[in-house]
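Undergrad: After the sequence you'll find the predicted model.
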Amino acid sequence: MPCSEAQLQVLKSNHGEVDMMLFWEQSSSVVVTEVLREFMVKSERLCFLMLVISSAFCFCSHENADAGFKDWASNIGRGIGKGVGKVKKIRFGAQEEDVASAVAEAQAPKLIYANNRYGSEEPVPLKWAIGLPDEIDGLVWVGTTLKKIPYTESEFNDLRYKMVSGQVKILRQEHIVKKRAQMEKEEGLGGVEDMLDSFLDEGGAEEEEEEDEDVEALLVDFDEKEVRRKVLERLVIPQFHSEVIQAIFFQAPNNDLYCIDAETGLTLWVTTLSSQLLHRPYETEDRLYAVLLGRLVGLDKKSGYPSVMTVLDRVPYPNLFVEDDNLYLASYDLRLFRYPVGEQYSVWVSKMRGEPAGGVYGDTESLYVPLLSGELLCYSFRGSEKWTFINKGLSDEKIYFEKKLNALYKQIEKEKSDSRRQEREEDAMKIHRVMTSVKKLEAQKKALTNRTRGRFMSPPVIEGDDLYVSSTDFNVYRLNKHSGIPSWAYNCGVEAWETPYVGKDYVWLKDSHSRLHRINIKTGEGEIMIRDVKDIQAVHEDLIFYVKGGALKVNTKTSTGSIKGLGEYKNIVSPDGSLMVVYGPRAKTIQVYDTSIIR
């Protein structure tokens, strides 16, 4: 180790209030290999976390120190660094925990937000950047996790007072019950009968006053001060409370799943999975659920510890739902199952009428299963069907295909007439290309006649008492989730494959022709806002992020703009639009930018 045991004890015994990171050079480079020791130093007021690393020290607390202590900590650091190498840098702040962060920040792209309305440009602030052991090769998403937050002094005192008072109250009641039982035993059965008669008597109020006096008499030998002291001695009071925070999850090629604090960039935990994640896991407040190699695996959000919850005897669809420790999933043999989490048997099985579009979705009241046959089924948690919604017919879709075919047939006839006069080779090639398009449309039309309704291809979106779902019958529906009755249906003019995004006043949807529609939530009236949209990244209230022409565009209620500087980097935006994660390609770094300035 780069320091003596005596020097380490100096750092252990100190209770200064500082966040400090100390790095020194070894062979002209900063090297951090592995964490050698991790422990918790507790005091009456604060809790400190010290990570002793082979070439760095991290001494962390949760309050700022005065300048005098920082000078002292710096001197200690220089003393430890003697004989090992030149002091590289001394940093204050928990965000400096990762040594590679300085390199990652230097490599981070400089992003600029260009506001089209005001013609202004401003930099998008970089929150943090970290280096990775390997390239990101898998899923990346922004979710939530649980983080242990230490109580402040006032919070800890309030919690201690409530816990001690609660225990004292329980002991007080037990003391009263024991004393009464002792008195009843001494007085005999007659005393008990008199007590019952007193409750049935009209003078109950007077008896209650007498009973209050009796309670005071029973507590004469109850020393509350002594009881409180004994309770405080044996009571274990937690030092931390769990708080839900935003987190970034990504999987490395070696199947390691990382959970990173989205605010600070600190790695909260890393766990190794048995295989690559093909679909985003289902999230609850305290767990991640994923199906890996035929097993339902639950990951604790505090630690990342994986446990095999249920061994499945059927191949499920990707999307599953968990509620009250019960797993709901749809299998490829068209059955809907409910498994108690941790058990190896199903409680009920329901036969579905068609093939699901992705799996099972739900909320705290019901389960929803969209079918490729054009039906949306709603089930109770006991497996009974509550309602069924059937989308519109395919008349609009048939008319669309007929118009396209007629236009192509006219184009072919025109080209044939021209080629007979000129006999050019390029005319024959053009006719061949058009005929290929005709064959594709005829195949789609033939497939269309084999079914009677449109298909649900995307998951439903549940907001409040409403459910939004798109269909290949050209429509987007807003349904009442309790009854399945539609409030409105908006016709896109072409097939709707994508998931609707629900904002504050509008529903946003990209159709199969890459057109972005904006639909009024109340009336169902909409319009085409933007064409040639590749993807919608996030919608939050009046803010929408979307990709067009290889650039990330932003629309707000009052203006439009774009984020410049991404280049070949990949990015995702958090659901609330407050941050943007940037990573790759071929770069072993991940950066997070603060997009809350865009409003």
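TA: Received it, and whenever you're ready, just let me know what you need.
Undergrad: Nearest to the middle of this structure, which residue? Look it up for me.
TA: The residue lying closest to the centre of the chain (C-alpha atoms, centre = their mean) is G143, at 2.3 Å.
Undergrad: Isn't Y258 up against L266?
TA: No: Y258 lies out of contact with L266 (C-beta atoms under 8 Å); the separation is 11.2 Å. C-beta here means a position set from N, CA and C on the backbone, and glycine is covered the same way.
Undergrad: So between those two, which is more surrounded?
TA: Here Y258 and L266 are set side by side on neighbour count (other C-beta atoms under 10 Å), and the busier one is Y258, at 21 against 14.
Undergrad: What strands line up against the one helix or strand that one maps to, and which way round?
TA: Using DSSP states H and E, Y258 maps to strand 256-261. The strands beside strand 256-261 in its sheet (DSSP bridges) come out as strand 240-251 (antiparallel), strand 267-272 (antiparallel).
Undergrad: export the first one as CSV, just CAs?
TA: Backbone C-alpha positions of strand 240-251 (Å, rounded to 0.1, in the frame of the first residue of the first chain) are rendered in CSV as follows:
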residue,chain,number,x,y,z
PHE,A,240,-29.5,6.4,6.5
HIS,A,241,-32.7,6.6,4.6
SER,A,242,-33.4,5.5,1.0
GLU,A,243,-34.2,8.0,-1.6
VAL,A,244,-35.3,7.4,-5.2
ILE,A,245,-32.9,9.1,-7.7
GLN,A,246,-32.3,9.1,-11.4
ALA,A,247,-29.7,6.5,-12.6
ILE,A,248,-28.1,5.5,-15.8
PHE,A,249,-27.9,1.8,-16.6
PHE,A,250,-25.7,0.2,-19.3
GLN,A,251,-24.3,-3.2,-20.0
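Undergrad: any weak-confidence spans in the chain?
TA: For the chain, applying pLDDT under 70 flags the ranges 1-104, 188-213, 392-401, 416-424, 445-453.
Undergrad: in it, which spans are helices?
TA: Secondary structure of the chain (DSSP state H): helices located at 5-13, 67-81, 101-107, 153-187, 189-200, 204-218, 224-234, 395-422, 425-449.
Undergrad: ok, the residue nearest to V244 when sequence neighbours are not counted - how many residues close by?
TA: Of all residues not flanking V244 in the chain, T144 sits nearest, at 5.3 Å (C-beta to C-beta, 6 or more residues apart in numbering). Neighbour count of T144, defined by other C-beta under 10 Å: 18.
Undergrad: which residues sit in contact with T144?
TA: Residues in contact with T144 (C-beta atoms under 8 Å, 6 or more residues apart in numbering) are 244-247, 283, 285, 301.
Undergrad: Any figure for the gap between it and V547?
TA: Here the distance between T144 and V547 works out to 25 Å (C-beta to C-beta, to the nearest Å).
Undergrad: hang on, the earlier thing: name whatever forms a beta bridge with the residue nearest to the centre of the chain.
TA: A247.
Undergrad: which residues touch it?
TA: G143 makes contact with 246-247, 249, 283, 288, according to C-beta under 8 Å, 6+ apart.
Undergrad: what does P575 give?
TA: Contacts of P575 (C-beta under 8 Å, 6+ apart): 142, 538, 540.
Undergrad: was I right about the last one contacting S596?
TA: No: counting by C-beta under 8 Å, S596 is not a contact partner of H540; they are 10.5 Å apart.
Undergrad: So for the two, which sits in the more crowded spot?
TA: Per other C-beta under 10 Å, whichever of H540 and S596 has more neighbours is H540, with 16 against 12.
Undergrad: In contact with the more buried one, which residues are there?
TA: Counting by C-beta under 8 Å, 6+ apart, H540 makes contact with 503, 575-577.
Undergrad: Give me the PyMOL select line for those residues, limited to the buried ones.
TA: In PyMOL syntax, the buried subset of the contacts of H540 is picked out as below (16 or more other C-beta atoms under 10 Å):
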select buried, resi 503+575+577
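Undergrad: now the contacts of H540 in JSON lines, with distance to L408?
TA: Shown next, in JSON lines, are the contacts of H540 (distance: C-beta to C-beta, whole Å):
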{"residue": "G503", "distance to L408": "38"}
{"residue": "P575", "distance to L408": "42"}
{"residue": "D576", "distance to L408": "46"}
{"residue": "G577", "distance to L408": "42"}
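Undergrad: follow-up on the earlier one: name the residues contacting each of H540 and S596.
TA: Common contact partners of H540 and S596 (C-beta under 8 Å, 6+ apart): G577.
Undergrad: burial of L159, as a residue count?
TA: Number of residues near L159 (other C-beta under 10 Å) recorded here: 15.
Undergrad: beta partners of T267?
TA: Taking DSSP bridges as the rule, T267 bridges to I260.
Undergrad: Might one say that it is in contact with L257?
TA: No: in terms of C-beta under 8 Å, T267 does not count as a neighbour of L257; the distance is 11.3 Å.
Undergrad: Those two: who's more crowded?
TA: Higher neighbour count among T267 and L257: L257, with 23 against 14, using other C-beta under 10 Å.
Undergrad: that older thread, nearest to L171, out of the strands paired with strand 256-261?
TA: strand 240-251 (25.6 Å; C-beta to C-beta).
Undergrad: could you give the angle of the closest one to helix 153-187?
TA: Inter-element angle recorded for strand 240-251 and helix 153-187: 120 degrees (by axes from the mean of the first three to the mean of the last three C-alpha atoms, to 10 degrees).
Undergrad: Sweet, I'm off.
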